[in-house]
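1. Using only what follows, build the 3D model:
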Amino acid sequence: QVQLVESGGGLVQPGGSLRLSCVASGRIFSILTMGWSRQAPGNQRELVATITRGGSTNYADSVKGRFTVSSDTAKNTVYLQMNSLKPEDTAVYYCHSDLVSAYGLGSPENYWGQGTQVTVSS
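-> Next up is the predicted model:
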C-alpha cells in the first residue's frame, strides 16, 4: 500500500523557521501532485501549498512569501520550508499526493499522511 510519512514538525518561536518533509513509498508509478494542508483546533482543514510534477506551485494567501514548497521527484519527497512563522501557523500539517500506483489499477488516487504537529509559541 502507498504510505506518506511526514517529519520535521516541532515547537518553534515566532519568527523562526521549520522544514517539513514527506516521503511517499510503495509501488508508485507516477506522482502527479504533492502538497501540504493544515488543520488547527476548531478550524477547517486549509490547503497550504501544492507542487505539480512539472514544478508548478500554488500557495494559500496566508503563507505566500513565507513558505516554500519543493520536491525531489527521484525520492518521491516533498518539502515545506516555513520561515517567519507566526502563532497562527500552529496546526497539524498533513502531506498529500495525487498519484498512480500499482494498487489503483492505473487511475490516480489521493493519499494523505498522518500529520505532524507544528507549534509556534514563545
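
2. Check the offset of stretch 7-19 from the chain's centre.
-> Counting by C-alpha atoms, centre = their mean, to the nearest Å, stretch 7-19 is centred 14 Å from the centre of its parent chain.

3. Which helix or which strand is home to the residue nearest in space to the middle of the chain?
-> Nearest to the mean C-alpha position of the chain, by C-alpha atoms, centre = their mean, lies Trp36 at 2.7 Å. Here Trp36, judged by DSSP states H and E, is contained in strand 28-39.

4. That strand: which residues count as buried?
-> Residues Ile28, Ile31, Thr33, Met34, Gly35, Trp36, Ser37, Arg38 are the ones in strand 28-39 that count as buried (16 or more other C-beta atoms under 10 Å). Heads up, the C-betas are built off the backbone N, CA and C, glycines and all.

5. Could you single out the nearest of the residues you listed to Gly106?
-> Closest approach to Gly106 among the buried residues of strand 28-39 (C-beta to C-beta): Ile28, at 12.7 Å.

6. Run through the strands of the protein in chain order.
-> 3-7, 10-12, 18-25, 28-39, 46-52, 57-59, 67-72, 77-82, 91-101, 109-112, 116-120 (DSSP state E).

7. Alright, I will stop here.
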